[in-house]
Every structure is written in C-alpha cells, then in structure tokens.
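Enquirer: Quick one, structure for this:
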Amino acid sequence: MFEGFRQTRVLANGLHLNVRVGGSGPPVLMLHGYPQTHVMWRKVAPRLAERFTLVMPDLRGYGDSDKPTGTPDHATYSKRVMARDQVELMRGLGFERFRVVGHDRGGRVAHRLALDHPERVECIAVLDIVPTRVMYLKANRTFAKGYYHWFFLVQPAPFPETLIAANPETYLRHHMGARHAGLEPFMPDAWPEYLRCFSDPASIHATCEDYRAAESIDLEHDEADLDRRIDAPFLSLWGRHGMIERCFDGIADWRDRAPRVHGRSLDCGHYLAEECPAETAAELLAFLA
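Expert: Reported below is the predicted structural model:
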C-alpha cells in the first residue's frame, strides 16, 4: 500500500500524529473515519497523488497517532481540538492553505476546521455525512437502528470500552461488515491493519471519547455557531445504499452551513473510497482541481 509515499510522525498541538505524505502539486488534507485509519485512502491516493500532494494522518486517538485519555468534558476529542491538530500538522509540513477531504468522523473534523480556520481552507469535500446537529435533530427509528453506535459509544466510561475490549474483532466485523458491501472492500490488505489498530485499548477509549464529544461539547460549539457559514466551495458525496440516503438530504442538510454546496450520491454504501474508489477519485479530482 502507498508505494512512493513516506510515513512520518509530526508533533502537532502537543501530540504526535502518524501521517502518510506523497504526490506532487497543491496540498490536500485527507481525514479518515471511524473505526479506520489513513489506510482507508489506499485505493484513491495513487490517482489523486498524480495532481496533488496528499497529507493523510491518523486522527488523534486512531491508528498510530497519540491517544490521550479523555477528560470529563470530552474536550480532548472535541472536533475543535482535532481540527487544531490538523492546522498545526499542515503548518508543520509547510502548508498554510490547503484543500480538505473528510470521510465520516474525518468529515466532522473537516467541518469544524472550515468553521474555525476559514483562512486555511481552499475547498472542502465531505463523504457520507451531514452536520452532526442535523443528524441528532432528525434521528428516527431507522437512524437509531442503523447507527446504534452513536448511542452506545456515548455511554459513560468504561461501559462501552469494556464490552468492545472483550472481543474487538467481533465488534469490528459487525460494525463494518453489516453494511451494504460487507467486509469485501477491506480485504485482504486493510482489514489486518484496522484490526491491529482498533484492538488497542487506548484506541477503543479514544474512539468512544470521539463520539462522547460529538454528543456534548461539539453540539455546544455547533449551537453557538449557527450564524456562521462555510464560504469555501463545498462538495458532499454519499452512498446511495447508506444512512444519508435513507434518512437525510446530502445537499439540503448542508445548505444552511455551506451555501456553495453541491454533490451527489454514488452507487455504494458508507465506505465510498473503498467500495467505489474509481468513481470517488474522479469526483474528488474534478472538484479539487
């Protein structure tokens, strides 16, 4: 995976982030989702790297990045703090302005980054999300059943951590394999890496804290910023067989936050970059250029 890319660790915002860098051209920050790592970009990175310099970190708490213990207010894993990680990471690599692509949790970090640091962001693309606040406000039976983990992972520590740590592989197989495409998109190369990283008790705790922050301090920040807009060009892509298609509107639900939004659904489930990499790469290339 990632032939021609270099892997390094960069000190950013007081912790070390594991990051893969490669390609040439304008910089693009690519942020992964739960419960994955930067490895999720392996199928689209070669095409994007022909025209852009890709920076693909493991978010704090994920992969081989540092995993600080959560605080009672969950601020350690707030999207505001995680966005600051990325700004300092990019500055440390010499990039003051950049394009941003985020899937799942990485999309939520990208959303907050564009709100808090608009001067850094040239354009933003999010994959298979709408704003966190909207998803909670519109939650219904279908959403709660399909995204049960949004309500399980936010339970007080160490309850979800204990249950997941009892058998991380069973949990991971269910979480990722019960969706539209099953486990096939991750086999054979990415699955061992996802399992290795997620089996670390510190990662299990950190990823729970990510969701606890989303349900608490992140919503407070979002409520305080309802009058702020993302002025940068904004692309929303989502899976036709996923939760965004079933319960939300991948364009209209962003329009209050990002007036320049456009996008469409792709013929896949939640994991766009791994289920339909060619189409995902084509959409991103057209937008980022």
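
Enquirer: for residue 283, what are its contacts?
Expert: 235, 237, 263-264, 266 (Cβ atoms under 8 Å, 6 or more residues apart in numbering). Every C-beta, even on glycine, is put in place using the N, C-alpha and C of the backbone.

Enquirer: So what's the gap between the helix or strand encompassing it and the chain middle?
Expert: Per DSSP states H and E: residue 283 is located in helix 277-288. Taking Cα atoms, centre = their mean, to the nearest Å, one finds helix 277-288 lying 17 Å from the centre of the chain it belongs to.

Enquirer: same for whichever strand or helix holds residue 195, what does it pack against?
Expert: Residue 195 is part of helix 190-198, with elements assigned from DSSP H and E. Applying 3 or more Cβ pairs under 8 Å, 6 or more residues apart in numbering; DSSP states H and E, one finds that helix 190-198 contacts helix 168-177, helix 201-215.

Enquirer: And the next helix or strand after the last one, what's buried?
Expert: Following helix 201-215 in sequence order, the next helix or strand is helix 217-224 (DSSP H and E). Across helix 217-224, burial judged by 16 or more other Cβ atoms under 10 Å covers 217-218, 221-222.

Enquirer: hmm, who's touching helix 217-224?
Expert: With contacts defined as Cβ under 8 Å, 6+ apart, helix 217-224 is touched by 73-75, 78-80, 108, 112, 131-133, 136.

Enquirer: Confirm for me that residue 275 is in contact with residue 239.
Expert: Yes. Taking contacts as Cβ atoms under 8 Å, residue 275 lies within contact range of residue 239: 7.2 Å.

Enquirer: any shared contact partners between these two?
Expert: 180, 268-269.

Enquirer: So which of the residues you listed is the closest to residue 280?
Expert: Set against residue 280, the nearest of the shared contacts of residue 275 and residue 239 by Cβ to Cβ is residue 268 (8.2 Å).

Enquirer: What strand or helix carries that closest one?
Expert: Going by DSSP H and E, residue 268 is not in any helix or strand.

Enquirer: Okay, it and residue 6: tell me how far apart.
Expert: Counting by Cβ to Cβ, to the nearest Å, the separation of residue 268 from residue 6 is 30 Å.

Enquirer: May I see the buried residues of stretch 83-99?
Expert: Across stretch 83-99, burial judged by 16+ other Cβ under 10 Å covers 83-90, 93, 95, 98-99.

Enquirer: Got the phi and psi for residue 85?
Expert: Main-chain torsions, residue 85, degrees, to the nearest 10: phi -50, psi -50.

Enquirer: Relative to residue 285, how far out is it?
Expert: Residue 85 is 26 Å from residue 285, where distance means Cβ to Cβ.

Enquirer: ok, now residue 72?
Expert: 44 Å.

Enquirer: Neighbour count for the two, which is higher?
Expert: residue 285 (15 against 7; other Cβ atoms under 10 Å).

Enquirer: gap between the residue of the chain positioned farthest from its centre and residue 159?
Expert: Relative to the centre of the chain, and counting by Cα atoms, centre = their mean, the farthest-placed residue is residue 166 at 25.4 Å. To residue 159, residue 166 is 12 Å away according to Cβ to Cβ.

Enquirer: follow-up on the earlier one: out of residue 268 and residue 6, which sits in the more crowded spot?
Expert: With neighbours defined as other Cβ under 10 Å, residue 268 and residue 6 compare such that residue 268 has more, 25 against 9.

Enquirer: Count the neighbours of the residue lying closest to that one once chain neighbours are set aside for me.
Expert: Leaving aside its chain neighbours, residue 268 sits nearest to residue 275 (3.7 Å; criterion: Cβ to Cβ, 6 or more residues apart in numbering). Neighbours of residue 275 under the rule other Cβ under 10 Å: 24.

Enquirer: and the gap between residue 275 and residue 43?
Expert: Using Cβ to Cβ, residue 275 is found at 9 Å from residue 43.

Enquirer: Specify the local secondary structure of the residue most central in space within the chain.
Expert: Of all residues in the chain, the one closest to the mean position by Cα atoms, centre = their mean is residue 106, 1.8 Å from it. Of the three states, residue 106 takes helix according to DSSP: H, G, I helix; E, B strand; the rest coil.

Enquirer: Could you pull up the residues touching the closest residue to it other than its chain neighbours?
Expert: Among residues not flanking residue 106 along the chain, residue 31 sits closest, at 2.8 Å (Cβ to Cβ, 6+ apart). Residue 31 makes contact with 57, 59, 86, 100-103, 105-107, 109-110, according to Cβ under 8 Å, 6+ apart.
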